[in-house]
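[1] Structure for the following, please:
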Amino acid sequence: MAVASNPDQIREQWRARLTDLIGQIQNWANNLGWATRQIDVSVDDSELGRYSLPALLIQEGGIRILVEPVTHSAPGADGVVDLYLMPGYDDIASLYSIEGDWKLHYMFPGTSAVATIRDAESKSLTCDSLREVLDEMKKNAV
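    Numbering: from 1, shown residues only. The predicted structure follows:
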């Protein structure tokens, strides 16, 4: 992978977008009755170097979910964030930033099986779509 022409600027823009995203998800999760805690995760990116980014732990009862940044850039997306069911670190949903709009990819009930989570049905990230995924995760985790 080629080195970014201005890695500091790209890193700071990615961090700012994540800070906004994590804050919004935290607000929605809290309003839905989930406990949350922001944390920092360390990233070692071959293009941008080693740096830290915000992530979010979401918990209700014994169900814990980690919202963790994956990459600032992917084919067809300008950012990827995964939602993992803990402690197994099961990748259960992904967020893709496409032209500044976060899309939630999840295998919603009644949808056809797909090869990867990116191929799953996507919805715009809203409080309602987040609630739908969190509710499904609760049902499947029990």
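[2] remind me which residues of this structure are low pLDDT?
    1-4, 88-91, 108-120, 142 (pLDDT under 70).
[3] ok, which stretches of it are strands?
    With DSSP state E as the criterion, the chain has strands at 35-45, 49-60, 63-71, 80-86, 90-98, 101-106, 122-124.
[4] Buried residues, the last one. List them.
    Within strand 122-124, the residues scored as buried using 16 or more other Cβ atoms under 10 Å are Ser122. Glycine gets a C-beta too; all of them are placed from N, C-alpha and C.
[5] tell me what that strand is packed against?
    Packing partners of strand 122-124 (3 or more Cβ pairs under 8 Å, 6 or more residues apart in numbering; DSSP states H and E): strand 101-106.
[6] list the helices and strands the strand it packs on packs on?
    Using 3+ Cβ pairs under 8 Å, 6+ apart, the elements in contact with strand 101-106 are strand 90-98, strand 122-124, helix 127-141.
[7] Let me have those in JSON lines, extended by distance to Leu53.
    Supplementary listing: the helices and strands packed on strand 101-106 in JSON lines, determined by distance: least, Cβ to Cβ, whole Å:
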{"stretch": "strand 90-98", "distance to Leu53": "14"}
{"stretch": "strand 122-124", "distance to Leu53": "23"}
{"stretch": "helix 127-141", "distance to Leu53": "20"}
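[8] now, of these, which is deepest in the fold?
    Among those, ranked by average contacts under mean count of other Cβ atoms under 10 Å, first place goes to strand 90-98 (a mean of 19).
[9] now that strand, how far from the centre of its chain.
    5 Å (Cα atoms, centre = their mean, to the nearest Å).
[10] Keeping just the C-alphas, turn it into PDB.
    C-alpha atoms of strand 90-98 as PDB (Å, rounded to 0.1, in the frame of the first residue of the first chain):
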ATOM      1  CA  ASP A  90     -17.800 -11.900  16.700                       C
ATOM      2  CA  ASP A  91     -18.100  -9.400  13.800                       C
ATOM      3  CA  ILE A  92     -21.900  -8.900  13.700                       C
ATOM      4  CA  ALA A  93     -22.300  -5.600  11.900                       C
ATOM      5  CA  SER A  94     -20.300  -3.000  10.000                       C
ATOM      6  CA  LEU A  95     -20.500   0.700   9.300                       C
ATOM      7  CA  TYR A  96     -19.300   2.000   6.000                       C
ATOM      8  CA  SER A  97     -18.900   5.700   5.400                       C
ATOM      9  CA  ILE A  98     -19.900   6.300   1.800                       C
END
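[11] Kind regards, and thank you for your time.
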